[in-house]
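Chemist: okay, predicted coordinates and the sequence, questions at the end:
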Amino acid sequence: MSLKIVCLLKQTLPTEAKISILDTGKPGDARSKPIINPYDEFGIEEAVKLKEAGKASEVTLLSVGTDKWLETIRRGLAMGADQAVLIDVGSEEIDQSQVAEALANQLQKMEYDLVLCGKLAVDTGLGEVPGRVAARLGIPLLHVAAKVDVEGNKVTVERVADGNIVHVEAECPVIVSADKSLNKPRFASLPNIMKAKKKPIDTVALADVLSGAAQTRRTVKYELPPERGPVRMLEGENDAAARKLVDVLVNEEKIVH
Amino acid sequence: MAFPGKLVVIAEEVSGEVRKGSLQTIHAANELSGGDFRCIVIGESKEHGGDQAAAAGAKNVEFIALPNASDHNAESVAKVLSDTIGGDAVVLMSHSDLGADVGPRLAAHLNGAYMSEVTGLTVEDGKPIFKRPIYAGKALERVEILSNSAVATLRPNAFPTPEMASGASAQVVELTPNTPADLKSIVKDIVKKATEDGDVELTEADIIVSGGMGVGGSEGYKPLRELCKVLGAALGASRAAVHADYIDPDHQVGQTGKTVSPGLYIACGISGAIQHQAGMRTSKCIVAINTDPGAPIFQLAHFGIVGDLHEVVPILTEEFKKVLGKS
């Protein structure tokens, strides 16, 4: 059996972005170029590897975003995905529960055996979508996978929980969310970047896949973390400085006892 | 203070101990509601789990025997919990590995909002407000819920650990919900990881001693491990050190590693790249030891020593031993 894989892709700011609160009142960084959410990228890499190994027949990218995501989606196609579907939210503001609802509804219209995605997105840091899509579709989620093994219709995942290595298995259809140790995503070659320009990206209107699901939460305020005061340097030779530090931590700050 | 609506805490008991993060969650719920909340302990031992939850301040304690909770079959745990909660509620749990896995599914079952890694909880104008980091702590958001239910996981160590009342024993009500019969995922096996002597889990640790490229190699972690032993600390590492194969990825602190908020974070030979800062910037006290006085870590640190960690750390270890009476 050869699997049809759908990879969820979110566009985020790079992890080294310098975040400030923009004029819109929202956090951002106008200067940095958006990327594929790094955890989603691990999912795409794994899907392409499965296809190369003959275990998957087709890799489709699925996003809930805007037309500003097209360039990023093309980068996912250049990694080796075959096609993409973009659910276009336009100027609508939706939360991650609605994103999950839209994804679940769209997935029900598609043929899929395995959904690969990141364990969370590095912007919201929520990790809400994988569990929510799984619950909504009534299919298993193998969360935070460090290794994925596919044998026919059966998917086994290795994950680390509480420091123990846990093997969890399920039959397709199944969702697997990727941890960072899953693989090392490839750099797309120039020929593949050229090929990606011709790969199809279908656009779906949000209204077609999100009927009635209301927002569950709203951000009332964004802010930056409080500034740190200046560092107190402990001067002197190594042993004097070290002794001073121990004294400060034990007697002044009373953190160590 | 009254909490608007029903408040429920899910506490995890593992091997006879209620998780520190769960105790902190109970404490946070107490502060928020003046004690008016339902505490559901999941785990193996009704006695240990129930008594500790009561000692931490929970008045209404219920227990569900889920010996496999630590097996992390989140599919099953989420169904059992949503059946038990049975209606609209705001549910708090620790952002443990299980909490992160169960939380979104439970939110879906309850048709509610989900917020992870919450670091602040208040009631403003009769509405609960959840403060949580975004962009790995480079910004914060304050969130209100628009649905009738919500699940929030609280970041370990972001809330204080309660004093345990001695001799507290609760009337623990044991619940026996049906476990779902049609589980679609199966936990095949669990390989208990061989941990080094005295290894402390990073995310719940009070003190972390962390090493970066400055340690120079895997041998370089030896003095740091010695210091960990004396302080009862967990051992952390930077991404660069993990990538250089100095140390196992389990120890990585940072945006793509673990996020920690200990009382004390001692950064040794870590320059303080923005990815690393993202994982440890909410530590209450940060100490930096680095040979480079221009290292960015000093801008984040409360206390700093410019010096070679290979010389400074062993002196610290000896001095702590003396002062703490452990020699």
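Modeler: Right, received. Where do you want to start? All values derive from a computational prediction rather than experimental measurement.
Chemist: who does the closest residue to B:Cys285 other than its chain neighbours bridge with?
Modeler: Spatial nearest neighbour of B:Cys285, chain neighbours left out: B:Leu264 (4.9 Å); criterion: C-beta to C-beta, 6 or more residues apart in numbering or on different chains. Using the backbone N, CA and C atoms, a C-beta is placed for each residue, glycine as well. B:Leu264 forms beta bridges with B:Ile207, B:Cys285, as assigned by DSSP bridges.
Chemist: I'd like the distance between the residue of chain A found nearest chain B and B:Thr84.
Modeler: Chain B sits closest to A:Gly131 of chain A, with a gap of 3.0 Å, by C-beta to the nearest C-beta. From A:Gly131 across to B:Thr84, the span is 18 Å (C-beta to C-beta, to the nearest Å).
Chemist: equivalent analysis for B:Ala53, please.
Modeler: According to C-beta to C-beta, B:Ala53 and B:Thr84 sit 15 Å apart.
Chemist: neighbours of the residue nearest to A:Arg228 when sequence neighbours are not counted, how many?
Modeler: Leaving aside its chain neighbours, A:Arg228 sits nearest to B:Leu300 (6.0 Å; criterion: C-beta to C-beta, 6+ apart). For B:Leu300, the neighbour count with other C-beta atoms under 10 Å in any protein chain shown is 20.
Chemist: B:Leu300: what's it in contact with?
Modeler: A:228, B:272, B:277, B:281, B:286, B:288 (C-beta atoms under 8 Å, 6 or more residues apart in numbering or on different chains).
Chemist: again, but for A:His257
Modeler: The neighbourhood of A:His257, defined by C-beta under 8 Å, 6+ apart, consists of A:250, B:324.
Chemist: minimum distance to chain A, which residue of chain B gives it?
Modeler: For chain B, C-beta to the nearest C-beta, closest residue to chain A: B:Pro104, 3.0 Å.
Chemist: contact partners for the nearest residue in space to B:Gln52 that is not next to it in sequence?
Modeler: Nearest non-adjacent residue to B:Gln52, counting by C-beta to C-beta, 6+ apart: B:Val18, 4.2 Å away. Neighbouring residues of B:Val18 by C-beta under 8 Å, 6+ apart: B:11-12, B:41, B:43, B:48-49, B:52-53, B:56.
Chemist: and if you look at A:Leu50?
Modeler: So A:Leu50 contacts A:3, A:5, A:56, A:114, A:148, A:150 (C-beta under 8 Å, 6+ apart).
Chemist: A:Pro27 too?
Modeler: Residues near A:Pro27 by C-beta under 8 Å, 6+ apart: A:19-21, A:222, A:224, B:134-135, B:138-139.
Chemist: next one: B:Asp88
Modeler: B:5-6, B:110, B:112, B:148-149.
Chemist: low-confidence ranges in the stretch 101-250 of chain B?
Modeler: B:168-169, B:181, B:193-199 (pLDDT under 70).
Chemist: how about B:Lys192, nearest residue that isn't a chain neighbour?
Modeler: A:Asn164 (5.3 Å).
Chemist: give me the neighbour count for B:Cys228.
Modeler: 25.
Chemist: how about the helix or strand harbouring it: buried residues?
Modeler: Using DSSP states H and E, B:Cys228 sits in helix B:222-231. Using 16 or more other C-beta atoms under 10 Å in any protein chain shown as the test for burial, helix B:222-231 gives B:223-231.
Chemist: coming back round to it: quick one: secondary structure of the residue of chain A closest to chain B?
Modeler: Using DSSP: H, G, I helix; E, B strand; the rest coil, the structure places A:Gly131 in helix.
Chemist: could I get the contacting residues of residue 154?
Modeler: Went with chain A since none was named. Taking C-beta under 8 Å, 6+ apart as the criterion, A:Lys154 is in contact with A:169-172.
Chemist: right idea, wrong chain: chain B
Modeler: So B:Leu154 contacts B:21, B:24-25, B:28, B:92-95, B:117-119, B:121 (C-beta under 8 Å, 6+ apart).
Chemist: how many neighbours does the nearest residue to B:Pro4 once chain neighbours are set aside have?
Modeler: Spatially, and ignoring its direct neighbours in sequence, B:Pro4 is nearest to B:Gly126 (5.3 Å; C-beta to C-beta, 6+ apart). Residues within reach of B:Gly126, counting by other C-beta under 10 Å, total 9.
Chemist: how much space separates B:Gly126 from A:Ser2?
Modeler: Applying C-beta to C-beta to B:Gly126 and A:Ser2 gives a distance of 56 Å.
Chemist: and A:Glu71, how many neighbours?
Modeler: 11.
Chemist: that one looks like it's in a strand, true?
Modeler: No - A:Glu71: not assigned to a strand; according to three-state DSSP it is helix.
Chemist: all helices for the chain, in order.
Modeler: Let's take chain A. A:38-52, A:70-78, A:96-109, A:129-137, A:190-196, A:206-209, A:238-247 (DSSP state H).
Chemist: that's the other chain; I wanted chain B
Modeler: Here chain B has its helices, by DSSP H, at B:20-33, B:46-55, B:74-85, B:97-109, B:222-231, B:239-243, B:274-280, B:297-300, B:309-323.
Chemist: tell me the most buried of those?
Modeler: With neighbours taken as mean count of other C-beta atoms under 10 Å in any protein chain shown, these reach their highest mean count in helix B:97-109, at a mean of 27.
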